[in-house]
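Undergrad: Everything below, folded, please.
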Amino acid sequence: MFDRHFKVWPRRTARHLSVPETTLPYNLEVSARRFPDRAAIVYYGRELSYADLHDQVERLAGYLQHSLGVAKGERVLLYMQNSPQFMIGYYAILRADAVVVPVNPMNRTTEMEHFVADTGARVALLGQELFPVIQPLLGKGGLQHAVVANYAEYADPAFDLPVPDAAKAPTRTDLGADLGTGAVLWRDALAAGETAAPSTAAPDDWAVFPYSSGTTGNPKGCIHTHRTVMTTMLATIVWSPMSADSTHLVTLPLFHVTGMQTAMNAPIYMGGTMVVMTRWDRRTAALLIERYRVARWRSITTMAIDFVNDPEIRTVDLSSLETIGGGGAAMPEVIADRLRDLTGLDYIEGYGLSETIASTHINPIDNPKRQCLGIPIFDVDSRVIAVEDGRELPPGEVGEIVIHGPQVFKGYWNDPKGTADAFMELDGKRFFRTGDLGYYDEDGYFFIVDRVKRMINASGFKVWPTEVEGLMLRHPAIAEVCIIASPDPRRGETVKACVVLRESHRDAVTEQDIIAWCRDNMAAYKCPSKVEIRDALPRSATGKLQWRELQDKEKGL
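TA: Residues are numbered from 1 along each chain as shown. From the prediction side, this is the model:
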């Protein structure tokens, strides 16, 4: 067992975490009984109490079970931006004993095809702005039902701060006519008044399948149970203590495991209040902190950079903040300094993956190190191994970070080979191979230095070249494509495509045409911001694409 980090373990904190033998929907039920009138959600000027949140979850769960026939263990797509409906939908799916498949709302139709086919999902809960993406897939033998939500129905139209378009649009009452029997409006599903059947879910039943790109190819569903999700959720609460009176600013995307756990599941477990933003806006975020006396804010590095660069940030009262932190990419020293000057707080960095349903490493609150992943948290055994032969490495030597712990996923959905490749045995224990290169120091703090494979880290979003290449090859003008990382001063890395055009299109397609096509067919963070049209791509004597040659040239190596 790796124990070097115990010398810097947080004071008065146990090293072992006992996780309740309960399920996620039970947490909401308890909070609704304890604090029925407390605001669970504050959304652009309107509040939803815990009693109302629980009631709507129960009614939607009943609709899923009785009107749509959702069965225990069935996968249901949750395809929304941050909103009250995301939270209601998440807990309703679980309350129906089904499995939440949270999907990035930036995904487009070609990407959604994979999620529908891989999960076998018949039902999707989605925001109405995403309806055009889903519509081509409905009634085609896979996806059969869509419950369509308008975020604006939960917002105050008279709210005095900027509101994103998706949270003030009128409800599209024509959607049902567009889809025949395949669609129902969110409000109509709730109004049906269905009663959820008694739950039979147990801690080791499936709960959430967040999708990760793994190392290559299409995204893979990470099988998580109520127990694995509860483990990191509870660890978040104990590591950085919060109370029922804590107010949380929700800016991290809830489809992503960090936002899901730290900004939704943990506050609901405690009965705290969540101030939800559908889209990031630095000024609105600061004013919400001031207005609602927000105590806790989890973000990504790019949000923090944008936040401190607001020229008027010092005119806003941020004194209510008690803890700030996040991950996704290392926090630059200068930004950490400016945050501390603004708030008096250290930005607490952590590390986790979809496969671990959020953090396995977090910096000690009272002893953090900057640009550091932190130390292994409760019951986590993390090592560094040599990539070439799996030898365990000592402090200071760079290798692959591997993790054993109770929050590690059970495997990749429908991918036994990918699952087998993702694990190794060490000292008689099963360790997950993260694919991240790093090292730990003498005190047990872990640091990341590179990626084992070709992953591109764009503002904390993982972009896998193989997936983007496969999508771009659907373009009728592209004969070959190689995706590489291009240095970017704001995002850290951005996506660049080196393209060879088909002979028939060489004079008809420009770099900008290809970028525009990508924006229509894939999530924005995956889209190349740069395209280089070439006569040929470099290949080895055996015909293998030499992507490293292009990558090194791009980075000036």
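Undergrad: Convert the C-alpha atoms of stretch 406-424 to CSV, please.
TA: Taking Å, rounded to 0.1, in the frame of the first residue of the first chain, the C-alpha atoms of stretch 406-424 are listed here in CSV:
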residue,chain,number,x,y,z
PRO,A,406,-13.2,1.6,-4.2
GLN,A,407,-14.3,4.2,-6.7
VAL,A,408,-12.7,2.6,-9.8
PHE,A,409,-15.2,1.6,-12.4
LYS,A,410,-16.2,-2.0,-13.1
GLY,A,411,-15.2,-2.0,-16.7
TYR,A,412,-16.1,-0.5,-20.1
TRP,A,413,-19.6,-1.2,-21.3
ASN,A,414,-19.7,-3.7,-24.2
ASP,A,415,-15.9,-3.8,-24.4
PRO,A,416,-14.2,-6.7,-22.6
LYS,A,417,-10.9,-6.3,-24.5
GLY,A,418,-10.8,-2.6,-23.6
THR,A,419,-11.5,-3.5,-20.0
ALA,A,420,-8.8,-6.1,-19.9
ASP,A,421,-6.3,-3.7,-21.4
ALA,A,422,-7.2,-1.0,-18.9
PHE,A,423,-6.1,-3.0,-15.8
MET,A,424,-3.0,-4.7,-14.5
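Undergrad: chain center to that stretch: distance?
TA: 19 Å (CA atoms, centre = their mean, to the nearest Å).
Undergrad: Only C-alpha atoms, please: export stretch 458-468 in PDB.
TA: Only the C-alpha atoms of stretch 458-468 are listed here, as PDB (Å, rounded to 0.1, in the frame of the first residue of the first chain):
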ATOM      1  CA  ALA A 458      -8.000  21.400 -24.700                       C
ATOM      2  CA  SER A 459      -9.100  23.500 -21.700                       C
ATOM      3  CA  GLY A 460      -9.400  20.300 -19.600                       C
ATOM      4  CA  PHE A 461     -11.500  18.400 -22.200                       C
ATOM      5  CA  LYS A 462      -9.900  15.200 -23.500                       C
ATOM      6  CA  VAL A 463      -9.800  15.000 -27.300                       C
ATOM      7  CA  TRP A 464      -8.700  11.700 -28.800                       C
ATOM      8  CA  PRO A 465      -7.200  12.100 -32.400                       C
ATOM      9  CA  THR A 466      -8.500   8.700 -33.500                       C
ATOM     10  CA  GLU A 467     -12.100   9.700 -32.800                       C
ATOM     11  CA  VAL A 468     -11.800  13.100 -34.500                       C
END
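Undergrad: which intervals of this protein have sub-threshold pLDDT?
TA: Along the chain, the parts satisfying pLDDT under 70 run over 175-181, 213-217, 450-453, 540-544.
Undergrad: now the most centrally placed residue in it: how far from G327?
TA: By CA atoms, centre = their mean, the chain has its centre lying nearest to H256, at 1.2 Å. Distance, H256 to G327, using CB to CB, to the nearest Å: 11 Å. (Glycine included, C-beta is placed from N, CA and C.)
Undergrad: and what of A32?
TA: Note on A32: its distance to G327, by CB to CB, is 31 Å.
Undergrad: So for the two, which residue has more residues nearby?
TA: Between A32 and G327, counted using other CB atoms under 10 Å, G327 has the larger neighbour count: 25 against 22.
Undergrad: Next up, the contacts around the more buried one.
TA: Applying CB atoms under 8 Å, 6 or more residues apart in numbering, one finds that G327 lies in contact with T258, I300, T301, E349, G350, Y351, G352, S359, L373, G460.
Undergrad: domains of the chain?
TA: Structural domains annotated on the chain: 44-201, 456-554, as defined by automatic domain parsing.
Undergrad: and those domains, which is most packed in?
TA: domain 44-201 (a mean of 20; mean count of other CB atoms under 10 Å).
Undergrad: who touches the longest helix seen in the chain?
TA: The longest helix of the chain (DSSP state H) is helix 50-66. For helix 50-66, contacts defined as CB under 8 Å, 6+ apart pick out 25, 28-29, 31-32, 34-38, 40-41, 48, 70, 76, 84, 87-89, 91-93, 95-96, 98, 123, 147, 189-190, 192-197, 271.
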